[in-house]
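Chemist: please work out how this folds:
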Amino acid sequence: MVGVTHYSIGELARLTGLSTRTIRFYSDSGLVPVAGRTTGGFRTYDVDGLARLKLVRTLRDLGVDLPTAHRVLASEVSVAEVARTHAEAIDAQLRTLRLRRAVLRVVARTGEVQMVHELARLSEEERQAILDDFFDEVFGGLDLDPTFHDRMRSVRVELPDDPTPEQLEAWIELANLVRDKDFRASIRRMSVRHQEMRAEGADLSGPSAEQMEVFQYAMTRAREALAADIPPTSPEGRHIAAEINTRWSEVLGVPVGDDLSRWLDEFGEPRAERYWALLAKINNWPPVPDTTAERRWLSEAGG
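Modeler: Purely as a prediction, here's the structure:
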């Protein structure tokens, strides 16, 4: 095609991969002006027409509509502006598609449709309202340690715009958990006990480094006992519990009878740990280990 300055529709079709019908439509729409006519009256197009046609094809392949392509060719808007706008639109579409995919995968696992769909479509404010309602019921009207209270109330549900199926499942489980009447009643009882202990002079603003250290030590010893198949009510199990309780009493400055086992009975609601594990998954926090088995072993060993 060297030296050719005018192209027929058939030649443009071979050069661009478009059909002659599409090229004729673009030409009739004013996107690709006719440069001339052959002696037989057929349309011809010049190099500029070829370049415009290639640009239109590229824009259309990227999902740009014809009116916008026309504005680009008329220099009313730049290619960069169109690309930025359409990239943002595609990002929004992808977020929607990812959410739908996550919902469908959760539905495929659970068989629940309406509940999953409704919970997934909630706004950030609506999700937080579910958590705030939970806080109002389990903490409302109680004289709790301000540091503890503020820390609990500051927790937010930060489900991403395009959550993974695991994050969406965690949110659905959390929403159901905090609306469960039995769970609310259990946390309310723990909160009332918190108020009573605070009235007795206990510092409940939060665990100190020493308290966390002895708690982690207790979990480790219980995990080791479980791995070694040591029954919690065996002499060896009782001995391990007594050692842990002595450390616990020393760190908290409480009588030996007011030990870790009793604390676990009062505040060791296993679903509370599940609450934090679900929040960690939703908010992309470091994972929270499941210590249900260790807590049960310690409670039985100290009973």
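Chemist: give me the below-cutoff pLDDT ranges for this protein.
Modeler: The chain contains residues with pLDDT under 70 at 1-4, 202, 204-207, 252-259, 261, 303.
Chemist: just the strands in it please.
Modeler: Using DSSP state E, the strands of the chain run over 7-8, 36-37, 43-45.
Chemist: reformat these as TSV; add mean neighbour count and distance to Ala51.
Modeler: No exception for glycine: its C-beta is placed from N, CA and C like everyone else's. Formatted as TSV, these follow (neighbours: other Cβ atoms under 10 Å; distance: least, Cβ to Cβ, whole Å):
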stretch	mean neighbour count	distance to Ala51
strand 7-8	20	11
strand 36-37	11	17
strand 43-45	20	10
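Chemist: and those as a markdown table, adding distance to Leu177?
Modeler: Shown next, in a markdown table, are these (distance: least, Cβ to Cβ, whole Å):
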| stretch | distance to Leu177 |
| --- | --- |
| strand 7-8 | 68 |
| strand 36-37 | 74 |
| strand 43-45 | 67 |
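Chemist: and those strands: which comes nearest Arg52?
Modeler: strand 43-45 (8.8 Å; Cβ to Cβ).
Chemist: hmm, who's touching the closest one?
Modeler: 6-9, 12, 24, 27, 32-38, 53 (Cβ atoms under 8 Å, 6 or more residues apart in numbering).
Chemist: cutoff 10 Å now
Modeler: 4-9, 11-12, 23-24, 27, 32-38, 49, 52-53 (Cβ atoms under 10 Å, 6 or more residues apart in numbering).
Chemist: and it, how far out from the chain's middle?
Modeler: In terms of Cα atoms, centre = their mean, to the nearest Å, the centre of strand 43-45 is found 56 Å from the chain centre.
Chemist: could you do stretch 54-63 as well?
Modeler: With Cα atoms, centre = their mean as the basis, the mean position of stretch 54-63 lies at 35 Å from the chain mean.
Chemist: now it: buried residues?
Modeler: By 16 or more other Cβ atoms under 10 Å, the buried positions in stretch 54-63 come out as Leu55, Val56, Arg57, Leu59, Arg60.
Chemist: which two in the residues you listed are spaced the farthest apart?
Modeler: Leu55 and Arg60 (9.6 Å).
Chemist: who touches both of these two?
Modeler: With Cβ under 10 Å, 6+ apart, Leu55 and Arg60 have common neighbours Ala69.
Chemist: circling back: which of the contacts of strand 43-45 are buried?
Modeler: By 16+ other Cβ under 10 Å, the contacts of strand 43-45 give 6-9, 12, 23-24, 27, 32, 35, 49, 52-53 as buried.
Chemist: got these as a markdown table, with distance to His86 columns?
Modeler: Output for the buried ones among the contacts of strand 43-45, formatted as a markdown table (distance: Cβ to Cβ, whole Å):
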| residue | distance to His86 |
| --- | --- |
| His6 | 33 |
| Tyr7 | 29 |
| Ser8 | 32 |
| Ile9 | 29 |
| Leu12 | 25 |
| Ile23 | 23 |
| Arg24 | 26 |
| Ser27 | 24 |
| Val32 | 21 |
| Ala35 | 30 |
| Gly49 | 24 |
| Arg52 | 19 |
| Leu53 | 20 |
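Chemist: against Leu144, how distant is the residue nearest to Arg271 when sequence neighbours are not counted?
Modeler: With Cβ to Cβ, 6 or more residues apart in numbering as the criterion, Arg271 has its nearest non-adjacent residue at 5.4 Å, and that residue is Phe183. Using Cβ to Cβ, to the nearest Å, one gets 18 Å for the distance from Phe183 to Leu144.
Chemist: backbone phi and psi for the residue lying farthest from the centre of the chain, please?
Modeler: Most distant residue from the mean C-alpha position of the chain: Thr39, 66.5 Å away (Cα atoms, centre = their mean). Thr39 has phi and psi values of phi -60, psi -20 when expressed as degrees, to the nearest 10.
Chemist: for it, give me its contacts.
Modeler: Here Thr39 is in contact with no residue (Cβ under 10 Å, 6+ apart).
Chemist: against Arg24, how distant is it?
Modeler: For Thr39 relative to Arg24 (Cβ to Cβ), the value is 19 Å.
Chemist: ditto for Val34
Modeler: If you go by Cβ to Cβ, the gap between Val34 and Arg24 works out to 10 Å.
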